[in-house]
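Enquirer: Here's a sequence, model it:
(2 chains)
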Amino acid sequence: DAGVIQSPRHEVTEMGQEVTLRCKPISGHDYLFWYRQTMMRGLELLIYFNNNVPIDDSGMPEDRFSAKMPNASFSTLKIQPSEPRDSAVYFCASKGTGSGNTIYFGEGSWLTVV
Amino acid sequence: SQQGEEDPQALSIQEGENATMNCSYKTSINNLQWYRQNSGRGLVHLILIRSNEREKHSGRLRVTLDTSKKSSSLLITASRAADTASYFCATDNFGNEKLTFGTGTRLTIIP
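Expert: Residues are numbered from 1 along each chain as shown, chains lettered A, B, ... in the order given. As a prediction, the model looks like this:
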């Protein structure tokens, strides 16, 4: 299996621009998670989906952030407009109901907003 | 908010020595897991221990769980240079699919 695939791996953008991060979960997994990692705040869960439906978005920092999962093999995390404080590594992760509670992470999208 | 706090924040040891990292958490849990993160990479699952278990082994890894103290420890025996990474504990609650991660321990193995 290819694992969780994220794109882009690195992005540098100017403040105010729209950023779209993409994720392809492991085939057959029915849960998808978006995490953000920073030095100051560590790993934070932003939102997670079950069977493409958002279950808990309480970690989404503000209205500038939105996430969608139009089908079982694709999800996006969008920031509009972006701000320098959004600079972080954004991880997508997935898990299958039958695989216990282990989640599998992608390699992350490194976002820098200047 | 973070459920777990790892201790120490950073640890440097000589290759071949044992490394012990601790994790404390705040609320009741269903499972506790340990993950490793190499620099610039995603997190990789190492081991899971359930709330009704006290100790678990996997290769050179030994995990203990003390639910009365709300704490866990990860022991890596006979450390290798390749063990250099950050290690995170993660907890989940009954009926909740969310994993909440601790602050991490940065382990450096000196060849």
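
Enquirer: where does chain A come near chain B, residue by residue?
Expert: A:4, A:31, A:33, A:35, A:42-43, A:45, A:48, A:50, A:55-56, A:91, A:93, A:95, A:100-108 (Cβ under 8 Å from any Cβ of the partner chain). Any C-beta I mention is one placed from the backbone N, CA and C, and that applies to glycine too.

Enquirer: Only the buried members of those residues: can you turn that into a ChimeraX selection?
Expert: Selection of the buried residues among the residues of chain A next to chain B in ChimeraX, burial being defined by 16 or more other Cβ atoms under 10 Å in any protein chain shown:
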select /A:4,31,33,35,42,43,45,48,56,91,93,95,101,102,103,104,105,106,107,108
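
Enquirer: could you give me the average pLDDT of stretch A:90-99?
Expert: Averaged across stretch A:90-99, the pLDDT comes to 89.

Enquirer: again but with stretch B:38-57, I slipped
Expert: Stretch B:38-57 carries an average pLDDT of 95.

Enquirer: Okay, strands next: where are they in chain B?
Expert: Ranges of strands in chain B, per DSSP state E, are B:4-7, B:10-14, B:19-25, B:31-37, B:43-50, B:55-58, B:61-66, B:71-76, B:85-92, B:100-101, B:105-110.

Enquirer: Reformat those strands as CSV; add distance to A:Pro61 and mean neighbour count.
Expert: Shown next, in CSV, are the strands of chain B (distance: least, Cβ to Cβ, whole Å; neighbours: other Cβ atoms under 10 Å in any protein chain shown):
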stretch, distance to A:Pro61, mean neighbour count
strand B:4-7, 21, 21
strand B:10-14, 28, 13
strand B:19-25, 23, 20
strand B:31-37, 22, 23
strand B:43-50, 21, 19
strand B:55-58, 36, 12
strand B:61-66, 32, 17
strand B:71-76, 29, 20
strand B:85-92, 21, 24
strand B:100-101, 17, 22
strand B:105-110, 26, 18
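
Enquirer: Tell me where chain A is predicted with low confidence.
Expert: Scanning chain A for pLDDT under 70 picks out A:1, A:99.

Enquirer: Contact partners for the closest residue in space to B:Tyr87 that isn't next to it in sequence?
Expert: Here the nearest residue to B:Tyr87 in space, its sequence neighbours aside, is B:Thr105; by Cβ to Cβ, 6 or more residues apart in numbering or on different chains that works out to 5.0 Å. Contacts for B:Thr105 were tallied using Cβ atoms under 8 Å, 6 or more residues apart in numbering or on different chains; they are B:Glu6, B:Asp7, B:Pro8, B:Gln9, B:Ala10, B:Leu11, B:Met21, B:Ser86, B:Tyr87, B:Phe88.
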